[in-house]
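Peer 1: everything below, folded, please.
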Amino acid sequence: MKTKALKYLVVLGVMVTIIFGLFVSDNNSYALVSLVVVIISCVPIVVHFEKGKSSTRLIVLISTMVAISVAGRFLFAPIPFFKPVTAIVVLCGIYLGSESGFLVGGLSALISNFYFGQGPWTPFQMLAWGLIGFLAGIMANPLKRSKIFLCIYGFISGIVYSLILDSWSTLWIEGYFSVKRFLALSITALPITLCYAISNVIFLLIIGKPLGSVLERIIKKYGILSRDRGDNFGKQL
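Peer 2: Reported below is the predicted structural model:
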């Protein structure tokens, strides 16, 4: 119960931090907000590590998946709105747990934006990809059992990501949330949103099984999550 409460508090803390950074801080505070988001996202991993319920191997695996996600975004940079980041984050959530999925999503946005460009949108990208990985971890069992459900989740994730970024654009332009502005931005971006959502499905179909199998073998071989099951951390495995 404490573990469940902690991971939901982490998500809530990230949301509060981003809202505070948007409305209270100055326009150049996004770097500090991004750093705080990362620190908060790391809390569950650190807590479990200190209690001896997470291994350094899990941390190494998370770091590796972040590197793969960032490299994937770099590799497909020439192709607009066609990136494997969401698919990788979803798979991390499914196989490594919701906390790990959230952390991989947030770090993927932050680190890759050193190339694509940092700005006030970065914390919102971190939140969007983090939530996608977090929810994938919560729904891990049905996502692993059904390829159709996995593809549907990937498609919806693309829409959710776009809507969160459209929300940021609305708040940034208007200074408050304008439904009219939000709808206008969402409708204008619809072709891009659909392209991104479809790309998520394509990447999940291509890398879902092989990457999932690799993660399962690594987890089983090194017993990475074996100690976590006793405290619900990664219990979906």
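Peer 1: mind checking the pLDDT average for the lengthiest helix in the chain?
Peer 2: In terms of residue count, the longest helix belonging to the chain (DSSP state H) is helix 190-222. Model confidence over helix 190-222 averages 94 on the pLDDT scale.
Peer 1: list the buried residues of that helix.
Peer 2: Within helix 190-222, the residues that qualify as buried are 193, 196-201, 203-204, 207-208, 211-212, 215, 218-219, counting by 16 or more other Cβ atoms under 10 Å. Every residue, glycine included, has its C-beta placed from N, CA and C.
Peer 1: can you tell me which helices and strands that helix packs against?
Peer 2: Under the contact definition 3 or more Cβ pairs under 8 Å, 6 or more residues apart in numbering; DSSP states H and E, helix 190-222 sits against helix 56-75, helix 85-96, helix 147-174.
Peer 1: number of nearby residues for the spatially closest residue to residue 73 that is not a sequence neighbour?
Peer 2: With sequence-adjacent residues excluded and distances taken as Cβ to Cβ, 6 or more residues apart in numbering, residue 73 is closest to residue 112, at 4.6 Å. Neighbour count for residue 112, taken as other Cβ atoms under 10 Å: 23.
Peer 1: residue ranges with poor pLDDT in the protein?
Peer 2: Within the chain, the set of residues satisfying pLDDT under 70 comprises 1-3, 24-28, 48-54, 226-237.
Peer 1: kindly recompute the last result at 90.
Peer 2: Low-confidence segments of the chain, defined by pLDDT under 90, span residues 1-59, 80-81, 117-121, 168, 171-177, 220-237.
Peer 1: most distant residue from the centre of it?
Peer 2: Largest separation from the mean C-alpha position in the chain: residue 180, at 27.8 Å (Cα atoms, centre = their mean).
Peer 1: winner for burial among the helices and strands packed on helix 190-222?
Peer 2: With neighbours defined as mean count of other Cβ atoms under 10 Å, the helices and strands packed on helix 190-222 peak in mean count at helix 85-96, which reaches a mean of 29.
Peer 1: the nearest residue to residue 151 once chain neighbours are set aside and residue 207: what is the separation?
Peer 2: With Cβ to Cβ, 6+ apart as the criterion, residue 151 has its nearest non-adjacent residue at 4.7 Å, and that residue is residue 201. Counting by Cβ to Cβ, to the nearest Å, the gap from residue 201 to residue 207 is 12 Å.
Peer 1: likewise residue 7?
Peer 2: For residue 7, the distance to residue 207 under the criterion Cβ to Cβ works out to 26 Å.
Peer 1: hang on, isn't residue 185 packed against residue 169?
Peer 2: Yes: contact criterion Cβ atoms under 8 Å: residue 185 and residue 169 qualify, at 5.4 Å.
Peer 1: adding distance to residue 43, write the helices and strands packed on helix 190-222 out as a markdown table.
Peer 2: A markdown table is the format used below for these (distance: least, Cβ to Cβ, whole Å):
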| stretch | distance to residue 43 |
| --- | --- |
| helix 56-75 | 14 |
| helix 85-96 | 16 |
| helix 147-174 | 22 |
